[in-house]
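Enquirer: coords below, sequence missing:
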Ligand SMILES: NC(=O)c1ccc[n+]([C@@H]2O[C@H](COP(=O)([O-])OP(=O)(O)OC[C@H]3O[C@@H](n4cnc5c(N)ncnc54)[C@H](O)[C@@H]3O)[C@@H](O)[C@H]2O)c1
């Protein structure tokens, strides 16, 4: 399939592009390089060769998008270009609205004009926000607690309406990521931290473990959890990337429809447990101190991943130990992990290699 991937120069997008290329899809990345990187594009071009192209463009520029769509003629669009920092979204809500909502409307309009019938949209657990009913199921009403979460929830509705109201038979899928972690070493990212803000817990741990920062600040230790710290659903970036392969396959076989799938590990891990697993995997200690809880942080956030397993046949493979190996800075040894069963049904088309299960 020919897939147009917006935001493919960024963290999640680059990993998704790599997996799509490995499995024989054609990939065109569309990105304005606001937070993405040209060196990522060069690595993908090296891997994909004639199966890969890059368009430097902004998703808000509908006319330019239409030209690109006419030139590339994608079978499907994976839309993950966007702004994603929760705290920044309180400071610059208009920028988030413009990029995440207006940009999505612009992309959908260009897709309609060029008769593309399949869209997969990258959303977030932040749409569940203040919801108390954990594990979060896809049918919970959105209840975001930040401008970022609201813009993603609004974009989801646009994607849904686009899927349901077109005169052509369309399929639209929303994927809600929980806490993606880890890096593929292919991208030559020495510290294994995101360049695009890198504000995740995993990034902060690596910055401390490698001496860039003195200690980790943990927000709150009085939550109603066993050790008092928040519990989150961390999911390996490779699992997230492979879910997109499943989603692409799903749009080929499913009847025209709209669907939402959580992408998490289905397990929650406390901040202190994460630090301990990181130490076990890498031998690196992360000094920490407690600071007051952040407004709006929930005690526990965990995905219900049944729906993705049932309908898309996607099951995450990596546990917290596997994740810790994938956030290990370069030059640090790995301790063997007791996990990672490769999926039986994923077959690399261009490498003639069957993944053993
Ligand atoms: N990383 C996470 O923890 C996480 C969690 C949940 C959801 N998400 C969602 O996944 C998507 C990708 O996140 P990421 O972590 O890879 O972020 P990222 O910042 O690394 O990547 C975003 C990419 O989009 C591009 N971009 C931004 N605005 C653009 C525009 N107007 N036009 C064209 N390109 C534009 C950037 O240059 C960048 O390459 C986002 O939509 C985000 O909301 C991410």
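Expert: All right, it came through fine. These numbers were taken from a predicted model, which means no experiment stands behind them. Numbering: from 1, shown residues only.
Enquirer: Contact residues of the stretch 51-200 of the chain facing the ligand?
Expert: The stretch 51-200 of the chain comes close to the ligand at residues 58-60, 80-82, 84, 99, 103, 122, 124, 152, 177, 180, 196, 200, as judged by C-beta under 6 Å from any ligand atom. Placement of C-beta: from N, CA and C, glycine included.
Enquirer: Most widely separated two among those?
Expert: By the measure C-beta to C-beta, 60 and 200 form the most distant pair in those, at 26.2 Å.
Enquirer: residues near residue 185, how many?
Expert: Using other C-beta atoms under 10 Å, residue 185 has 11 other residues around it.
Enquirer: For it, give its distance to the ligand.
Expert: Counting by C-beta to the nearest ligand atom, to the nearest Å, the separation of residue 185 from the ligand is 17 Å.
Enquirer: repeat for residue 303
Expert: From residue 303 across to the ligand, the span is 11 Å (C-beta to the nearest ligand atom).
Enquirer: Quick check: phi and psi at the spatially closest residue to that residue that is not a sequence neighbour.
Expert: By the measure of C-beta to C-beta, 6 or more residues apart in numbering, the closest residue to residue 303 outside its immediate chain neighbours is residue 264, 2.8 Å from it. With angles defined as degrees, to the nearest 10, residue 264 sits at phi -140, psi -180.
Enquirer: who are the neighbours in contact with residue 271?
Expert: By C-beta atoms under 8 Å, 6 or more residues apart in numbering, residue 271 lies in contact with 201, 218, 229, 230, 232.
Enquirer: Could I get the pLDDT score of the nearest residue to it once chain neighbours are set aside?
Expert: Take residue 271 and drop its neighbours on the chain: the residue closest to it by C-beta to C-beta, 6+ apart is residue 229, 4.0 Å away. Residue 229 carries a pLDDT value of 97.
Enquirer: ok, now residue 326?
Expert: If you check residue 326, the pLDDT there is 89.
Enquirer: Isn't it up against residue 239?
Expert: No: applying C-beta atoms under 8 Å as the test, residue 326 and residue 239 come out as separate, 10.2 Å apart.
Enquirer: neighbour count winner among the two?
Expert: Neighbours were counted for residue 326 and for residue 239 using other C-beta under 10 Å; residue 239 has more, 23 against 20.
Enquirer: If you average the pLDDT over the host helix or strand of the more buried one, what comes out?
Expert: Using DSSP states H and E, residue 239 sits within helix 237-253. Mean per-residue pLDDT for helix 237-253: 96.
Enquirer: Sort the residues of the stretch 51-200 of the chain next to the ligand by pLDDT and name the bottom one.
Expert: Among these, residue 196 has the weakest pLDDT, 57.
Enquirer: do stretch 255-265 and the ligand meet at all?
Expert: No: if you take C-beta under 6 Å from any ligand atom as the test, stretch 255-265 misses the ligand, and the best it gets is 8.6 Å.
Enquirer: what about that stretch, start to end distance?
Expert: Taking C-alpha to C-alpha, to the nearest Å as the measure, stretch 255-265 stretches 27 Å from start to finish.
Enquirer: Equivalent analysis for stretch 50-60, please.
Expert: End-to-end for stretch 50-60, by C-alpha to C-alpha: 27 Å.
Enquirer: which residues sit against that stretch?
Expert: For stretch 50-60, the external contacting residues (C-beta under 8 Å, 6+ apart) are 6, 9, 17, 21, 24-33, 41, 44-45, 64-65, 68, 72, 79, 81, 98-99, 102-104, 106-107.
Enquirer: Would you mark the buried spots in that stretch?
Expert: 51, 52, 53, 54, 55, 57, 58, 59, 60 (16 or more other C-beta atoms under 10 Å).
Enquirer: any idea how far residue 122 is from the first one?
Expert: The one in question is residue 51. Using C-beta to C-beta, to the nearest Å, we find residue 51 at a distance of 22 Å from residue 122.
Enquirer: for the fourth one, same thing?
Expert: When distances are taken as C-beta to C-beta, residue 54 and residue 122 turn out to be 19 Å apart.
Enquirer: Now do the strands in the stretch 201-350 of the chain.
Expert: Secondary structure of the stretch 201-350 of the chain (DSSP state E, counting those that start in this stretch): strands located at 216-219, 231-232, 234-236, 258-263, 269-270, 288-291, 347-348.
Enquirer: just those strands: most buried one?
Expert: strand 234-236 (a mean of 27; mean count of other C-beta atoms under 10 Å).
Enquirer: Which elements pack onto it?
Expert: Here strand 234-236 touches strand 179-181, helix 320-326, going by 3 or more C-beta pairs under 8 Å, 6 or more residues apart in numbering; DSSP states H and E.
Enquirer: To residue 301, which of those lies closest?
Expert: For the helices and strands packed on strand 234-236, proximity to residue 301 was assessed by C-beta to C-beta; strand 179-181 is nearest, at 8.1 Å.
Enquirer: Run through the stretch 251-357 of the chain and note the low-pLDDT ranges.
Expert: 330-357 (pLDDT under 70).
Enquirer: How about it: which residue is closest to the ligand?
Expert: When scored by C-beta to the nearest ligand atom, the stretch 251-357 of the chain has residue 263 as its residue closest to the ligand, at 8.6 Å.
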